[in-house]
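Q: what shape does this take:
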Amino acid sequence: MDKEVPHRKSKGDRSDKGQRSVTANANELSAIKGRNKKWAKDQDQRPGAGNKGGKYTSNKTHYSPTDPDARISVKPGKARKLNYLGQLSVDTAHHVITDIRAYHADGKDNQHLPDIVKRVKRRLWKEGLVWENCVADTGYSSGKNYAFLEARGLKSFIPPHGTYKGGPEGFVYVEEDDHYLCPQGKVIPFTKVFLDYRTKTKKKEYRARKHVCLGCPLRERCLGK
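A: Below you'll find the model as predicted:
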């Protein structure tokens with residue numbers, strides 16, 4: 001499509017070289033090509049779906065030359081188009097807006113919470129106001145954000161998202177020692193913090209040595225086959 005004559009000439013390309021570069025690797029481009037093919041097949045009843053230009057758009061392959069900071073956003077029931085993500089915080093006691101900012105639309109709410117908190121806290125501090133509680137919806141939930149707010153002395157009221165899983169059934173978490181006790185009373189210690197490649201969030205791992213579970217009557221129930 002880039003080789004074809006555009007429907008209307010743009011006012012001028014304001015994008016830099018980095019924004020004009022394709023950011024997807026070969027595997028991602030292959031996956032996008034597969035989705036485009038499936039999309040065209042499934043959507044052949046829609047007006048214009050058969051056009052050469054009808055395709056599954058992505059920030060990996062598309063950009064706006066006149067508004068390079070805009071991003072294609074995906075939301076159920078909404079059209080794929082270039083947008084910005086607006087974030088707004090309010091003092092719930094007095095209904096006063098304390099912060100507002102536009103971010104790239106291809107990010108998630110929970111990715112922007114640390115930046116919002118830093119700006120709000122700095123602004124309130126200059127006015128001699130103390131901030132104690134942070135209230136947000138599930139979209140801002142992540143272990144990283146909970147730890148971030150705790151480190152800054154803020155009590156968070158953010159419900160965990162639907163994919164959250166607590167400790168396994170029958171295991172008891174001991175907060176002061178940061179470990180779990182299994183149903184047989186054995187200690188399952190904290191081992192490391194790792195980055196989940198799927199969600200790009202940090203998680204904590206608790207793991208016992210192999211010999212701890214040898215001969216345990218609950219071994220198969222805990223570990224499976």
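
Q: low pLDDT regions in this structure?
A: The chain contains residues with pLDDT under 70 at 1-11, 22-23, 36, 39-56, 163-164, 166, 199, 225.

Q: need the helices for it, in chain order.
A: For the chain, applying DSSP state H gives helices covering 17-20, 26-42, 109-126, 143-151, 210-213, 219-223.

Q: now the strands for the protein?
A: 71-73, 81-91, 96-104, 133-135, 155-157, 172-174, 179-181, 187-196, 201-206 (DSSP state E).

Q: looking at the ones you listed, which is buried most?
A: strand 71-73 (a mean of 19; mean count of other Cβ atoms under 10 Å). Using the backbone N, CA and C atoms, a C-beta is placed for each residue, glycine as well.

Q: show me what that one is packed up against.
A: Where contact means 3 or more Cβ pairs under 8 Å, 6 or more residues apart in numbering; DSSP states H and E, strand 71-73 is packed against strand 81-91.

Q: quick one, the strand it packs on and strand 96-104 angle?
A: 160 degrees (axes from the mean of the first three to the mean of the last three Cα atoms, to 10 degrees).

Q: quickly run through the sheet partners of strand 81-91, with directions.
A: strand 71-73 (antiparallel), strand 96-104 (antiparallel) (DSSP bridges).

Q: other residues contacting the longest one?
A: To tie it back to what came earlier, the one meant is strand 96-104. 69, 71, 84-91, 112, 115-116, 119-120, 123-124 (Cβ atoms under 8 Å, 6 or more residues apart in numbering).

Q: roughly how far apart are G34 and F171?
A: 41 Å (Cβ to Cβ, to the nearest Å).

Q: okay, those two: which has more neighbours?
A: Neighbour totals were compared for G34 and F171, and F171 leads with 14 against 11 (other Cβ atoms under 10 Å).
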